[in-house]
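> Fold the following and give me the result.
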Amino acid sequence: MKRREFLHRSVLTGAAALPVYTFSSAAAFKPVQAQSANDRLGIALIGCGGQGTGDIKSAARVGDVVAVADADLGHAENVKKIFDGKPAVYQDYRKLLENKDVDVVIQATPDHWHTKINIDALRAGKDVYGEKPFSLTIAEGQQLCKVVKETGRVFQTGTQQRSGKEFQTAVELVRNGRIGKLKRVLVALPYYNTSGGPFLPGEAVPAKLDWELYQGQAPVHPYIPQRTHRIFRWWYEYAGGIMTDWGNHHIDIAHWGMDVETTGPLTVEARGIFPNEGKPDCFNTPDRFFSAMKYPGGLELFFYVTLAEKPKFGDTTTHQETGKEQFDWLFGKDCPQDVHDNKRNGIMFIGDKGRVFVNRGGLFGKPVEELKENPLPDSIDGKPRWRVKPSGDHIKNFFDCVRSREEPVAPARIEHRSVTACHLTNISIRLGGRKLQWDSVKESIIGDTEADAMLRREQRKPYGISD
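Purely as a prediction, here's the structure:
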């Protein structure tokens, strides 16, 4: 039996068969039979930069890398070498999707390509592991969620913190009442300076880069290297800056602990500092911001850049000073002292009986210290305690779900809501700090047609996303 027939045969037989799961919140995933030990998935990588290369190396543990694609053909060829020259190489991902040996796609392109490639791959019958941020706009996220549901394919977002033990423990502590009633959540990001520019075109397009394809749905611009690899995210044309990059990770954990994964904020009011002040040919996303969000039940979330953590990235060698007047304007006179006291990027859950802080450096707080002597019980008040879905390896969780057809730990329906809070922050900032009223059921901004129009962006033909 050919591999694809084997994988997509819906008849489940014998002890080797794994069950098919359905979810009330999503369409049933299309059934697929468990693989034999000698039958491995065919995996393709679209977007062969640093993140994609790391993803595909991890994925190669459980499948065969059969194809790679990148608008920068040099990147694709580099990944081919890693796998002894075996994968087929493409510059146009659409040709890769025609490859019948591809069962699973890992997508790790710049943000403006995420949704279209994910949708095209799902419609081509592939299961998809898509890197964060989940979408370029809220409207794109809505489209992707719709297609995941329609196709019944497995989709995992690359928000790998969901599979980190420290983040899972933090969420379990909060959801099981170890800090009392949750009152406030702080979500702090590091300060990456984006004051670079102006960058004037003058270099020829590299021979192996298809600049037209790379730009895709984004507006046409002359080539400059600063619009590509790694630092593309500081341009609004291709991304959403730091708040959708790191923000998608941290807001996701915050929403998880707050038990608002499938809803969202009631209001968003944000301010941001644009270091280049709108000058042409410069990075154009804000690098410092403060966003105050209100959620049902009086719960507050403060989303911001902590000025105490200043990593170097890309062309950055120094950071701008944030003067007192600028600082006071950014954070506002009503900003809680908790925000000013926190000097680390991460997520702080504050309850009426304690607090827990978590980031990639660890898990902190008195409830954490007490766990050894007072572990979470199996039941609380006679009911089973709330638990996170088990996952200690994000890529492996995805491939386990490809086989079982279960929903992975970072599905579209949840990650869309996480990045929505980030997009709303961007919209408020770009409207000069306007307070937005958000209807999380209709997924629309209430009473503000200008802001609501910013839920989507114009897409350059022929690279638009079809319904």
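> going forward, measure contacts between C-alpha atoms and count neighbours the same way
OK.
> For residue 74, which non-adjacent residue is closest in space?
residue 208 (5.9 Å; CA to CA, 6 or more residues apart in numbering).
> what's near enough to touch that neighbour?
72-74 (CA atoms under 8 Å, 6 or more residues apart in numbering).
> Could you provide the residues you listed in TSV, with additional columns for pLDDT and secondary structure?
As requested, the contacts of residue 208 are exported to TSV (pLDDT from 0 to 100; DSSP: H, G, I helix; E, B strand; the rest coil):
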residue	pLDDT	secondary structure
72	98	strand
73	98	helix
74	98	helix
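> right, and out of those residues, which lies closest to residue 44?
Compare each of these with residue 44 using CA to CA and the shortest gap goes to residue 73, at 14.9 Å.
> can you give me the offset of stretch 221-228 from its chain's centre?
Relative to the mean C-alpha coordinate of its chain, stretch 221-228 is positioned 24 Å out (CA atoms, centre = their mean, to the nearest Å).
> model confidence over it, on average?
Mean pLDDT, stretch 221-228: 96.
> what sits opposite residue 292 in the beta ladder?
With DSSP bridges applied, residue 292 shows beta-bridge pairing to residue 269, residue 302.
> what are the phi and psi angles of the residue nearest to residue 74?
Main-chain dihedrals, residue 208, degrees, to the nearest 10: phi -100, psi 10.
> how much space is there between it and residue 108?
Separation of residue 208 from residue 108 (CA to CA, to the nearest Å): 19 Å.
> And residue 416, by the same measure?
With the distance defined as CA to CA, residue 416 ends up 17 Å from residue 108.
> likewise residue 131?
In terms of CA to CA, residue 131 sits 5 Å off from residue 108.
> repeat for residue 172
For residue 172, the distance to residue 108 (CA to CA) stands at 30 Å.
> who's more crowded, those two?
Under the criterion of other CA atoms under 10 Å, the comparison of residue 172 against residue 108 puts residue 108 first, with 28 against 19.
> so the more buried one makes contact with residue 54?
No. Using CA atoms under 8 Å, residue 108 is not in contact with residue 54; the gap is 9.9 Å.
> Show me the domain layout of the protein.
Taking automatic domain parsing as the reference, the chain has its domains at 3-11+24-162, 164-390+411-451.
> where are the low-confidence patches of the protein?
Along the chain, segments meeting pLDDT under 70 span 1-38, 314-316.
> Show me how far the lengthiest helix in it is from its chain's centre.
What stands out as the longest helix in the chain, according to DSSP state H, is helix 412-430. Its chain's C-alpha centre and that of helix 412-430 lie 10 Å apart, by CA atoms, centre = their mean.
> Summarise which helices and strands the helix or strand that that helix is followed by is packed against.
For helix 412-430, the following helix or strand on the C-terminal side (DSSP states H and E) is strand 436-439. Under the contact criterion of 3 or more CA pairs under 8 Å, 6 or more residues apart in numbering; DSSP states H and E, strand 436-439 touches strand 267-273, strand 444-445.
> Off-centre distance for strand 436-439?
On CA atoms, centre = their mean, the centre of strand 436-439 falls 22 Å from that of its chain.
> returning to that earlier point: ok, and which of the domains of the chain has the densest surroundings?
Mean neighbour count (mean count of other CA atoms under 10 Å) peaks for domain 3-11+24-162 among those, with a mean of 21.
> Next, residue 299: phi, psi?
The phi/psi pair for residue 299 (degrees, to the nearest 10) is phi -70, psi 130.
> Spit out the contact partners of the residue lying closest to it once chain neighbours are set aside.
Excluding the flanking residues, the one nearest residue 299 by CA to CA, 6+ apart is residue 183, at 5.3 Å. For residue 183, the contacting residues are 298-300, 350-352, by CA under 8 Å, 6+ apart.
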